[in-house]
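**Q** Have a look; sequence and predicted model below, questions after that.
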Number of protein chains: 2
Amino acid sequence: MRLYFDDFAVGQVYELGERSLTREQIIAFATEFDPQPFHLDDAAAKDTIYGGVIASGWHTGSTLMRLLADGLLNDSTSQGSPGLEELRWIKPVYPSDTLSGRSVVEETRASGSKLHLGSVLMRSELHNQRDETVLMMRSWGIFLRRASEVVGEIRPD
Amino acid sequence: MRLYFDDFAVGQVYELGERSLTREQIIAFATEFDPQPFHLDDAAAKDTIYGGVIASGWHTGSTLMRLLADGLLNDSTSQGSPGLEELRWIKPVYPSDTLSGRSVVEETRASGSKLHLGSVLMRSELHNQRDETVLMMRSWGIFLRRASEVVGEIRPD
């Protein structure tokens, strides 16, 4: 079933599957987008608080995005996102960590001006294989409303 | 000069340079991290509110990260980031848009428990070649404090 705005309810949980990042992927991403020493090589990272190469937080966030796309959005009427309320990089992500994703619906808000759209606020987390939360974010997604709902709204009588 | 926590002051502005994303880069990033139709091909994107392929918001955010690394962090004592207070994807980013970055210091906060560290909150924006703001985020960065400052603090007399 393709998810519409109307299908989301506060408290619903979506298990999003898992992915892991290899050392090569971590270094390749960082070389392109986040070339700080602790993302690029172990020797340089040894002198930092991390003790070894860790994934760029943008790599970790993009990995959660992929899990969201595969596990939820690509089976929905997603129209994109206006943004994040917050994002926390809670624990470092090391090569070969296995990250599993989970989203919970926190709020749903029908648009007052665009009657065919509604926004859903989700709290999403990534956990590693030691059951530690490595990333948490609260993101808005925009979805289509079912036609029947919209018709109901513009003819309130 | 390598920037320490002590070198940041509220209101300071950093111009971060610019980058643009080709259609091929946009599609390659989306294929790996955000395979939604409006990021993958023009035919599929034509039926959406965007009218053509647009960059994944994570690609845009990662591009700002790269500008921050090149323009600020790699000449600093950056120790990573605990997270973002907010992120807004304000306008779509289309192939070949040129994005320029700019950061302003919003707040500085010395750590109470780790005397050698301090956090800096920056408001960063990406603007396109039409001078539209396409992305805004408020992110924390952690930096080392200069030794002299720390000595002063642990010997308050």
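**A** Arrived safely, thanks for sending.
**Q** In chain A, where's the longest helix?
**A** helix A:57-71 (DSSP state H).
**Q** Put the alpha carbons of that one into CSV.
**A** C-alpha atoms of helix A:57-71 as CSV (Å, rounded to 0.1, in the frame of the first residue of the first chain):
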residue,chain,number,x,y,z
GLY,A,57,28.3,12.6,10.3
TRP,A,58,26.9,13.5,6.9
HIS,A,59,27.7,10.0,5.7
THR,A,60,25.9,8.6,8.7
GLY,A,61,22.9,10.9,8.1
SER,A,62,22.9,10.0,4.4
THR,A,63,22.9,6.4,5.4
LEU,A,64,19.8,6.9,7.5
MET,A,65,18.2,8.7,4.5
ARG,A,66,18.8,5.6,2.4
LEU,A,67,17.2,3.4,5.0
LEU,A,68,14.2,5.8,5.1
ALA,A,69,13.9,5.8,1.3
ASP,A,70,14.1,2.0,1.1
GLY,A,71,12.0,1.3,4.2
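**Q** Please say whether there is contact between it and chain B.
**A** Yes - residues of helix A:57-71 are located near chain B by Cβ under 8 Å from any Cβ of the partner chain, namely A:57-58, A:61-63, A:65-66, A:69-70. (Each C-beta comes from the backbone N, C-alpha and C, glycine too.)
**Q** so what strands line up beside the next helix or strand after that helix?
**A** From helix A:57-71 onward toward the C-terminus, using DSSP states H and E, the following helix or strand is strand A:83-89. Here strand A:83-89 has these sheet partners by DSSP bridges: strand A:133-144 (antiparallel), strand B:83-89 (antiparallel).
**Q** List the buried residues of strand A:83-89.
**A** A:83-85, A:87-89 (16 or more other Cβ atoms under 10 Å in any protein chain shown).
**Q** Please tell me how far whichever helix or strand comes after it is from the chain's geometric centre.
**A** Note on strand A:83-89: by DSSP H and E, the next helix or strand toward the C-terminus is strand A:98-110. From the chain centre to the centre of strand A:98-110 is a distance of 8 Å (Cα atoms, centre = their mean, to the nearest Å).
**Q** Can strand A:98-110 be said to contact chain B?
**A** No - Strand A:98-110 lies out of reach of chain B by Cβ under 8 Å from any Cβ, never closer than 12.8 Å.
**Q** now the angle from that strand to strand A:133-144?
**A** 40 degrees (axes from the mean of the first three to the mean of the last three Cα atoms, to 10 degrees).
**Q** Tell me which other helices or strands strand A:98-110 touches.
**A** Applying 3 or more Cβ pairs under 8 Å, 6 or more residues apart in numbering or on different chains; DSSP states H and E, one finds that strand A:98-110 contacts strand A:13-20, helix A:57-71, strand A:117-127.
**Q** just so I know, which of those lies nearest B:G17?
**A** In terms of Cβ to Cβ, the element of the helices and strands packed on strand A:98-110 nearest to B:G17 is helix A:57-71, at 17.5 Å.
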